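> 3D model of this:
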Amino acid sequence: MDIQCRPMRVSDYGVVESQHWASANQVAEYAERQGIASMLAFVGQQCVGQLYLQEYDTEFSEPGGWTGERPWADFQIVEPLGLGGRFLTLGCYHVGGMPDGSRDRSLWGKGIGTTLLKAVIEWYRGQTAIGGLMSWALVSGCGQLLQWAGQMPHILYRQHGFREIKRIDDPRWTKAIADIDPEEAKEDLTVLRVMLLSADRPSR
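Residues are numbered from 1 along each chain as shown. Next up is the predicted model:
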């Protein structure tokens with residue numbers, strides 16, 4: 001599968017999966033403020049995946065938190081991290097999302113999420129205003145849980161240069177893991193690991 005990635009454009013709103021964007025203006029606002037709104041993956045002309053990004057803000061609290069309907073994390077649950085500078089947080093990976101809100105599950109497990117991650121890392125290495133990428137990574141590698149959450153296991157981030165800076169036990173996620181993957185819940189009750197990629201740009 002030949003997967004090509006690029007940042008989302010305002011003109012993509014409504015053409016690709018857009019139900020988590022309030023409007024084309026919101027896409028434009030994110031792109032202007034952060035340098036990128038989301039990363040899109042294409043096979044030919046078909047958009048097959050999207051990785052949402054949001055600037056890290058210690059005060060940000062998403063209604064519903066991790067289990068809400070929005071693709072970004074509730075940042076307050078990890079404080080304090082003691083980070084200085086600007087960081088972008090990786091939100092949900094939406095693989096197989098269609099413009100009408102349906103999902104093409106035949107696209108799952110094809111490496112689209114990993115390709116999106118690599119594309120975001122490549123984009124980041126070309127930026128000077130952004131100090132790093134952050135991800136809330138799941139302990140479990142269970143495919144069913146990862147698909148439900150739109151997330152990746154922490155080991156994948158390690159393989160791409162991220163380091164762990166904090167572990168979080170969020171009761172909402174503990175229950176989800178216990179329901180979906182009880183064996184994993186027995187092995188490690190730490191639900192989330194905060195992973196960080198920073199200061200690794202090649203010299204120019």
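
> gap between the closest residue in space to Gln19 that isn't next to it in sequence and His20?
Nearest residue to Gln19, sequence neighbours excluded (CB to CB, 6 or more residues apart in numbering): Gly101, at 5.2 Å. No exception for glycine: its C-beta is placed from N, CA and C like everyone else's. According to CB to CB, to the nearest Å, Gly101 and His20 sit 10 Å apart.

> ok, back up a step: would you agree the residue nearest to Gln19 is in contact with Gly14?
No. Checked against CB atoms under 8 Å, the pair Gly101 and Gly14 is beyond contact range at 11.8 Å.

> re the thing from before, of Gly101 and His20, which one has the most company?
Neighbour totals were compared for Gly101 and His20, and His20 leads with 18 against 10 (other CB atoms under 10 Å).

> can I assume the more buried one is in contact with Tyr52?
Yes. With contact defined as CB under 8 Å, His20 reaches Tyr52; the gap is 6.8 Å.

> For the longest helix seen in the chain, give me every contacting residue.
Looking across the chain with DSSP state H, the single longest helix is helix 112-125. Helix 112-125 is contacted by residues 1, 3, 5-7, 36, 39, 41, 48-51, 53, 88, 90, 93, 95-96, 130, 132-133, 152, 156-157, 160-161, 197, 200-202 when judged by CB atoms under 8 Å, 6 or more residues apart in numbering.

> Buried residues in that helix, which are they?
Neighbour-count burial for helix 112-125, counted by 16 or more other CB atoms under 10 Å, picks out Ile112, Gly113, Thr115, Leu116, Leu117, Ala119, Val120, Ile121, Trp123, Tyr124.

> Then stretch 128-143?
Ile130, Gly131, Gly132, Leu133, Met134, Ser135, Trp136, Ala137, Leu138, Val139, Ser140, Cys142.

> now, among those, which is nearest to Arg167?
For these, the minimum distance to Arg167 (CB to CB) is 8.5 Å, reached by Val139.

> Where do the helices of this structure begin and end?
24-34, 112-125, 143-149, 154-159, 171-180, 182-187.

> If you average pLDDT per helix and strand, which one of this protein comes out bottom?
In the chain, the helix or strand scored least confidently by mean pLDDT, DSSP states H and E is helix 182-187, which has a mean of 61.

> low pLDDT regions in the chain?
Scanning the chain for pLDDT under 70 picks out 62-73, 140-142, 170-174, 176-177, 181-191, 199-204.

> Return every residue with contacts to both of Gly101 and Gly14.
By CB under 8 Å, 6+ apart, no residue touches both Gly101 and Gly14.

> The spatially closest residue to Val27 that is not a sequence neighbour and Pro7, how far apart?
Closest residue to Val27 apart from its sequence neighbours, by CB to CB, 6+ apart: Ala37 at 4.8 Å. Remark: distance between Ala37 and Pro7 (CB to CB) = 7 Å.

> now do Arg193
From Arg193 to Pro7 the distance is 26 Å (CB to CB).

> Who has more neighbours out of these two?
Neighbours per residue, other CB under 10 Å: of Arg193 and Pro7, the larger number sits with Arg193, 22 against 16.
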